[in-house]
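S.K.: Give the three-dimensional model of this entry:
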Amino acid sequence: LPPPPAAALPTRYDAAWPLTKLPLRATPHALTVLHGGKALCLSLSSTEKCEDDPDAPPAEPPAADGVAGVAAAPRWREKYEVRLLDGASWKTLDSAALEEDEWIMGTCAAQLKDEAFPSGKIFVNVLAVGTAYQEGEDTGSRGRVLLYSANEPEAETAEGGDANGDANGGGGDAAAPPAAAANGGANGAGERKLKLVCEFSARGGVLAIAAMQSMVVACVGPRIMMLQFREGPKAEDGGSGSNTAQLVEVGFLMVGFMISSISTLNHYAMVADAYDGVFFIVWKHIKKAFVILGKAPAAAVDASAGALACSLLLEQPTLHLVVADEHARLRVFAFNKSATESKGGSILLPRATFHAGCPISKLLPLHMPRAFAGATGVRGGALRCALLFGAVDGTVGFVSPLDEGLFRRASFLGTRIGRPWRSPANHWLIWET
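M.R.: This is a model prediction of the structure:
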């Protein structure tokens, strides 16, 4: 194996898998990869002691028998931050602390496009963060959508000048910053920094966030909002030159009661509600509106089970809708307009159910190598995907849809292998498409 990153501990080989760790001294909640793995963004929280409230009542005075009064118990709060790491060395490059009592609920990487620019100006790999304030039940709920860029310093300074100025002898007035030259090494690339591009305030906690069609989808309670990026004029265009970018709400849809997770694929989205089942929606770009294509009612999912995570799994030519509930089950649905029981596609059809042994909190689709021509039961060149899941007890596993030939073969091998590898629920997680 290659050597571990410079900032990480030595790789351990006394576990089931080679293990490389990086001490954080904080609780990690999410990891987002930016710039093709050159930068890593971590969502962390740490516990800190609250300051004494001057308006709080004093401690009880000592009793008559000399017994000391009961002192007020100290209060603690969670302090959240976004930390930027180098993708190669895992070195901490920068961090951005959130406001007091502001929690991170979700993150995603997005490419935002401002349609006001005919050339299609794009902020590549912007980090979108959805937050919610935890201020008690006496205060109205609120949250924010934060957009951070993690570009190198040279990428920002080179926009106004000639990129080939130094090589051609012209435009050489703008010299590289001393810090960039010191940190960049041989190639002169400086360290990346987190920069707050813009923010959007919402009347409620942003419980889920995703990217769709060069825009950001934010879920606040039962409301799905489509946010489009707008960049303000720069100083050379007559603007103030300050950060005037903003997110504008261009469409919304009210579904369910409280959205817990969202997964997007092109202009389609799957929405899981904590109390009202699963929704399959599509974004109409011309009309600037969401349209509900199908729904799995709470009775079909299980009215007593709240959805914790959902994901769209594409296996050509079939699209699977996977949802994980709090009863430690993975449920697979399909959208089919031609099926009689779907009533024109308005009802999502259940296809499979697995018990994973522990509630699943995160689903991540992974692209697998394309099938080669002549494989048993697989079309040559077909796109294949697997679904990686993480459970609340630390279990990591994956599921993958199989064609009929591979399904029968895997079932046969499961009865013949002496010591098969088992899933957390002690059975094979396979289903037939």
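
S.K.: where along the stretch 251-400 of the chain do the helices fall?
M.R.: 298-301 (DSSP state H, counting those that start in this stretch).

S.K.: ok, now which ones touch residue 26?
M.R.: 44, 45, 46, 81 (Cβ atoms under 8 Å, 6 or more residues apart in numbering). No exception for glycine: its C-beta is placed from N, CA and C like everyone else's.

S.K.: average pLDDT for the lengthiest helix in the chain?
M.R.: In the chain, taking DSSP state H as the definition, the longest helix is helix 404-416. Here helix 404-416 scores 74 as its mean pLDDT.

S.K.: and if you look at stretch 321-328?
M.R.: 86.

S.K.: Please compute how far that stretch lies from its chain's middle.
M.R.: Between the centre of stretch 321-328 and the centre of its chain there are 17 Å (Cα atoms, centre = their mean, to the nearest Å).

S.K.: What are the contacting residues of it?
M.R.: By Cβ under 8 Å, 6+ apart, the list of residues contacting stretch 321-328 from outside reads 270, 272, 278, 280, 296, 301-302, 304-313, 330-335, 348, 355-361, 363, 387, 389, 391, 399, 425.

S.K.: Pull out the buried residues from that stretch.
M.R.: 321, 322, 323, 324, 325, 326, 328 (16 or more other Cβ atoms under 10 Å).

S.K.: With stretch 31-43 instead?
M.R.: 32, 34, 39, 40, 41, 42, 43.

S.K.: Could you confirm the fifth one falls within a strand?
M.R.: Yes - with DSSP: H, G, I helix; E, B strand; the rest coil as the criterion, residue 41 is assigned to a strand.

S.K.: Look up how far residue 283 lies from residue 200.
M.R.: 18 Å (Cβ to Cβ, to the nearest Å).

S.K.: whoops, residue 7 was the one
M.R.: Counting by Cβ to Cβ - residue 7 and residue 283 are separated by 41 Å.

S.K.: Quick one: residues contacting the residue lying closest to residue 132 once chain neighbours are set aside.
M.R.: Among residues not flanking residue 132 along the chain, residue 205 sits closest, at 2.7 Å (Cβ to Cβ, 6 or more residues apart in numbering). Counting by Cβ under 8 Å, 6+ apart, residue 205 makes contact with 105, 131, 132, 133, 141, 142, 143, 220, 221.

S.K.: Please list only the buried members of the residues you listed.
M.R.: 105, 131, 132, 133, 142, 143, 220, 221.

S.K.: And the strands in the stretch 251-400 of the chain?
M.R.: For the stretch 251-400 of the chain, the strands defined by DSSP state E, counting those that start in this stretch occupy 259-265, 268-273, 278-284, 289-296, 307-315, 318-325, 329-334, 349-355, 360-368, 384-391, 396-399.

S.K.: Contacts made by the fifth one with the rest, please.
M.R.: Think strand 307-315. Applying Cβ under 8 Å, 6+ apart, the set of residues contacting strand 307-315 from outside is 260-265, 268, 270-274, 277-278, 301, 319-326, 359-365, 382-385, 387, 389, 401, 433.

S.K.: Pairing partners for residue 324 in the sheet, please.
M.R.: Beta-bridge pairing for residue 324 (DSSP bridges): residue 309, residue 330.

S.K.: By average pLDDT, which secondary structure element in the protein comes out worst?
M.R.: Lowest by mean pLDDT, DSSP states H and E among the helices and strands of the chain is helix 178-184, with a mean of 39.

S.K.: right, and the helix or strand after that helix?
M.R.: The helix or strand immediately downstream of helix 178-184 is strand 195-202, counting by DSSP states H and E.

S.K.: buried stuff in that following strand?
M.R.: Residues of strand 195-202 classed as buried by neighbour count (16+ other Cβ under 10 Å): 197, 198, 199, 200, 202.

S.K.: how distant is that strand from the center of its chain?
M.R.: 17 Å.

S.K.: Tell me which residues are up against it.
M.R.: Contacts of strand 195-202 (Cβ under 8 Å, 6+ apart): 96, 123, 126, 142-151, 218, 220, 225, 227, 229, 243, 245-247, 249.

S.K.: Just the buried residues from these, in PyMOL please.
M.R.: Entered in PyMOL, the line below selects the buried ones among the contacts of strand 195-202, by 16+ other Cβ under 10 Å:
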select buried, resi 96+123+126+142+143+144+145+146+147+148+149+150+151+218+220+225+227+229+245+246+247
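
S.K.: In helices, which of the contacts of strand 195-202 fall?
M.R.: Among the contacts of strand 195-202, no member lies in helices (by DSSP H).

S.K.: returning to that earlier point: filter the contacts of strand 307-315 down to the buried ones.
M.R.: Among the contacts of strand 307-315, the ones that count as buried (16+ other Cβ under 10 Å) are 260-264, 268, 270-274, 277-278, 301, 319-326, 359-360, 362-363, 365, 384-385, 387, 389, 401, 433.

S.K.: where does this structure have low pLDDT?
M.R.: Within the chain, the ranges that satisfy pLDDT under 70 run 52-73, 116-124, 153-190, 232-243, 297-305, 316, 370-382, 403, 414, 416-433.

S.K.: Please repeat the previous calculation with a cut-off of 50.
M.R.: For the chain, residues meeting the criterion pLDDT under 50 lie at 157-188, 235-241, 303, 373, 376-377, 420-433.

S.K.: For the residue lying closest to residue 8 once chain neighbours are set aside, give me its contacts.
M.R.: Nearest non-adjacent residue to residue 8, counting by Cβ to Cβ, 6+ apart: residue 22, 4.6 Å away. By Cβ under 8 Å, 6+ apart, the contact list for residue 22 reads 5, 7, 8, 9, 90.

S.K.: Let me know the closest of the buried residues of stretch 31-43 to residue 340.
M.R.: residue 32 (42.7 Å; Cβ to Cβ).

S.K.: Need the nearest residue in space to that closest one, chain neighbours excluded.
M.R.: residue 41 (4.4 Å).
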